[in-house]
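>>> The sequence and its predicted three-dimensional model are supplied below.
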Amino acid sequence: MPEAIITAEGLGIRFVRNRRRQLRLRELVIHRGVRRAEAGRFWPLRDVSFQVMPGDTVGVIGRNGTGKSTLLRLIAGVLIPDEGRITVRGAVAPLLELSAGFSNDLTGRENLHLVGALHGLSPAYLRRHCDEIVDFAGEQVARAIDTPVRHYSSGMKVRLGFAIISRLPHPILLMDEVTAVGDAEFRRKCYATIDGLLAEGRTLVLVSHNENDLTRFCNRGLYLDGGRLTVDGTVHEALDAYHAAVPR
């Protein structure tokens, strides 16, 4: 049997609704203050355990606020769990906040080289494929590629970010509603790119509210309810649990 590429064991993370509470030392001294400080804390995920095998395509399903995007960020290593552990055996291509890492003062071309290098693409690779990446991002981005990205729309930044990150050779793809952005032509290019990456045997973990995307790309579903993993089965079983919890 192959070894799991992602393993979560008793995974939990705690957030604070009002981070300024952490600076109020009086609340740690006064008895009632301790209770108030505890009341401001919540667990978006707790006691979550699962395994993802190489080549799995997994949809993470649930209502808003149930910890789906938080789970992706734990897998990506952006967040550190407060309980349990997450083990990832392989590099991750994070198709999450696609404009993250861009510098507003740099041009699109300069950001392409910066972000690509931060994710491990070599300068030679980026020079060789720069025109292809810009062409994928679309005509609007191509016209503005030597303009500072502070003048770009959010959609232009996302297009350029997807064009860069989708070039990564990493075995694990994390996606958070990426295909919801852009016009129909760009979405078709995104779909074709994702299909090609999955055909290579990549592992996909996808968060989406689009059921067509979930059933198109995923053969397995994780349903989160109140920060707990309540269904780990086929994508249709996870969607059935979601429909039962959310009246249509």
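Thanks, I have the structure now. Here the structure is a predicted model, which is why all the values come from computation and not from measurement. Numbering: from 1, shown residues only.

>>> rest of the way, CA atoms for contacts and neighbours
OK.

>>> So residue 241 sits against residue 222, correct?
No: using C-alpha atoms under 8 Å, residue 241 is not in contact with residue 222, being 9.9 Å away.

>>> the more surrounded of the two?
More crowded of residue 241 and residue 222, by other C-alpha atoms under 10 Å: residue 222, with 25 against 19.

>>> For residue 241 and residue 222, list the residues in contact with both.
Counting by C-alpha atoms under 8 Å, 6 or more residues apart in numbering, the shared contacts of residue 241 and residue 222 are residue 231.

>>> show me the contacts for the most centrally placed residue in the chain.
Closest to where the C-alpha atoms of the chain average out (C-alpha atoms, centre = their mean) is residue 96, at 3.7 Å. Listed by C-alpha under 8 Å, 6+ apart, the contact partners of residue 96 are 174, 175, 176, 177, 178.

>>> Look at it and report its pLDDT.
As predicted, residue 96 sits at a pLDDT of 82.

>>> Neighbouring strands - and their directions - for the strand or helix carrying residue 222?
Applying DSSP states H and E as the criterion places residue 222 in strand 220-225. Counting by DSSP bridges, the strands paired with strand 220-225 are strand 57-61 (parallel), strand 228-233 (antiparallel).

>>> Let me know which of these is the nearest to residue 85.
Nearest of those to residue 85, taken as C-alpha to C-alpha: strand 228-233 at 15.1 Å.

>>> what does the closest one rub up against?
Contacts with strand 228-233, where a contact means C-alpha under 8 Å, 6+ apart, come from 45-50, 66, 220-224, 237-238, 241.

>>> counting contacts, what elements does the helix or strand following that strand pack onto?
Downstream of strand 228-233, the next assigned helix or strand under DSSP H and E is helix 235-245. Counting contacts by 3 or more C-alpha pairs under 8 Å, 6 or more residues apart in numbering; DSSP states H and E, helix 235-245 packs against strand 57-61, helix 211-217, strand 220-225, strand 228-233.
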